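A.B. asks: predicted model, plus sequence, below.
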Amino acid sequence: MLTLDRLVLRQLAVGPMDNDAYLLTCRATGAQLLVDAAAEADRLLALVRDGSPDGRLDVVVTTHAHHDHLGALAEVVRETGALAAAGADDAAAVTAATGVEVGRFLRHGDTVRVGEVELAVVGLRGHTPGSVALAYTEPATALAPSAVPGRAHLFTGDSLFPGGVGNTQRDPERFAQLYGDVVARVFDVYRDDTVVLPGHGRPTTLGAERPHLEEWRERGW
């Protein structure tokens with residue numbers, strides 16, 4: 001658990017592929033947003049209750065439409081009444097896989113609110129057509145012990161990991177699109193202390209990954 005000025009961030013690895021689900025709780029209002037209801041709905045619902053004893057969950061954002069990122073979506077939405085949100089170009093696939101109607105179609109440049117906190121939507125096309133990341137930037141006045149004014153936290157799904165971008169099945173067009181989006185929309189926008197919180201595995205920072213961008217481009221994956 002990480003407590004920032006305006007948010008509390010909780011993380012839980014679930015399912016056979018150790019998917020990382022992230023719960024964001026607005027400290028001012030108690031509103032909550034879950035990134036990827038991937039698997040093990042009972043554990044995710046317990047995580048929600050950790051953040052809100054009454055089980056409040058306002059929004060579930062699905063970063064992309066692959067099965068390992070939405071296996072618990074139907075049960076979590078049914079139990080909490082949360083709004084389901086997903087990238088516009090993945091929304092139909094999310095509904096087809098889960099039966100859950102996507103109530104909010106996300107596009108690059110949109111924002112998503114959780115209580116008094118605003119998250120930027122970053123479209124990162126290529127792993128899937130509608131893959132999205134969410135970015136929370138700490139306020140310039142952040143004073144909490146764990147806070148760093150102006151630092152961003154980026155929830156990237158399967159589009160950016162330590163060591164490279166997400167899988168594009170060695171399709172050169174998909175790789176070029178994803179690599180281009182990651183460079184233009186992430187590395188060219190956010191600071192090196194930005195924390196990258198991927199859909200699997202450990203976090204990293206843009207500063208740790210930036211020196212390897214040309215290596216990624218040359219290898220094509």
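C.D. replies: Right, received. Where do you want to start?

A.B. asks: what secondary structure does the most far-flung residue of the chain relative to its centre sit in?
C.D. replies: Centroid-distance maximum for the chain: Glu218 at 26.8 Å, with CA atoms, centre = their mean. Of the three states, Glu218 takes helix under DSSP: H, G, I helix; E, B strand; the rest coil.

A.B. asks: report the beta-bridge partners for the residue positioned nearest the centre of the chain.
C.D. replies: Closest residue to the average C-alpha location of the chain: Phe155 at 3.3 Å, with CA atoms, centre = their mean. Under DSSP bridges, the beta-bridge partners of Phe155 are Leu134, Leu197.

A.B. asks: can you show me the CA trace of the host helix or strand of Asp42 as CSV?
C.D. replies: For Asp42, the host element (DSSP states H and E) is helix 41-51. Below are the C-alpha coordinates for helix 41-51, written out as CSV (Å, rounded to 0.1, in the frame of the first residue of the first chain):
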residue,chain,number,x,y,z
ALA,A,41,-13.0,-12.0,-7.8
ASP,A,42,-13.2,-12.9,-4.2
ARG,A,43,-9.8,-11.5,-3.5
LEU,A,44,-10.4,-8.4,-5.6
LEU,A,45,-13.6,-7.7,-3.7
ALA,A,46,-11.7,-8.1,-0.4
LEU,A,47,-9.2,-5.6,-1.7
VAL,A,48,-12.1,-3.2,-2.5
ARG,A,49,-13.3,-3.6,1.1
ASP,A,50,-9.8,-2.9,2.4
GLY,A,51,-10.1,0.5,0.8
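
A.B. asks: next secondary structure after that helix?
C.D. replies: strand 59-62.

A.B. asks: please determine how far Leu160 is located from Val102.
C.D. replies: 23 Å (CB to CB, to the nearest Å). From N, CA and C alone the C-beta is placed, and that goes for glycine too.

A.B. asks: go through stretch 85-98 and flag the buried ones.
C.D. replies: Ala85, Ala86, Gly87, Ala88, Asp89, Asp90, Ala91, Ala93, Val94, Thr95, Ala97, Thr98 (16 or more other CB atoms under 10 Å).

A.B. asks: now, these that are in strands?
C.D. replies: Ala85, Ala86, Gly87 (DSSP state E).

A.B. asks: so can I have JSON lines of the residues you listed showing distance to Leu12?
C.D. replies: JSON lines is the format used below for those (distance: CB to CB, whole Å):
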{"residue": "Ala85", "distance to Leu12": "19"}
{"residue": "Ala86", "distance to Leu12": "20"}
{"residue": "Gly87", "distance to Leu12": "22"}
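
A.B. asks: columns pLDDT on top of the residues you listed, output as JSON lines?
C.D. replies: Listed next are those as JSON lines, based on pLDDT from 0 to 100:
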{"residue": "Ala85", "pLDDT": "98"}
{"residue": "Ala86", "pLDDT": "98"}
{"residue": "Gly87", "pLDDT": "98"}
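
A.B. asks: and of these, the nearest to Glu214?
C.D. replies: Nearest to Glu214, judged by CB to CB, of these is Gly87 at 27.8 Å.

A.B. asks: tell me the contacts of the closest one?
C.D. replies: Neighbouring residues of Gly87 by CB atoms under 8 Å, 6 or more residues apart in numbering: Thr63, His64, Phe105, Leu106, Arg107, Gly123, Thr128, Pro129, Gly130, Ser131, Val132.

A.B. asks: now the buried members of those residues.
C.D. replies: Buried among the contacts of Gly87 by 16+ other CB under 10 Å: Thr63, His64, Leu106, Gly123, Thr128, Pro129, Gly130, Ser131, Val132.
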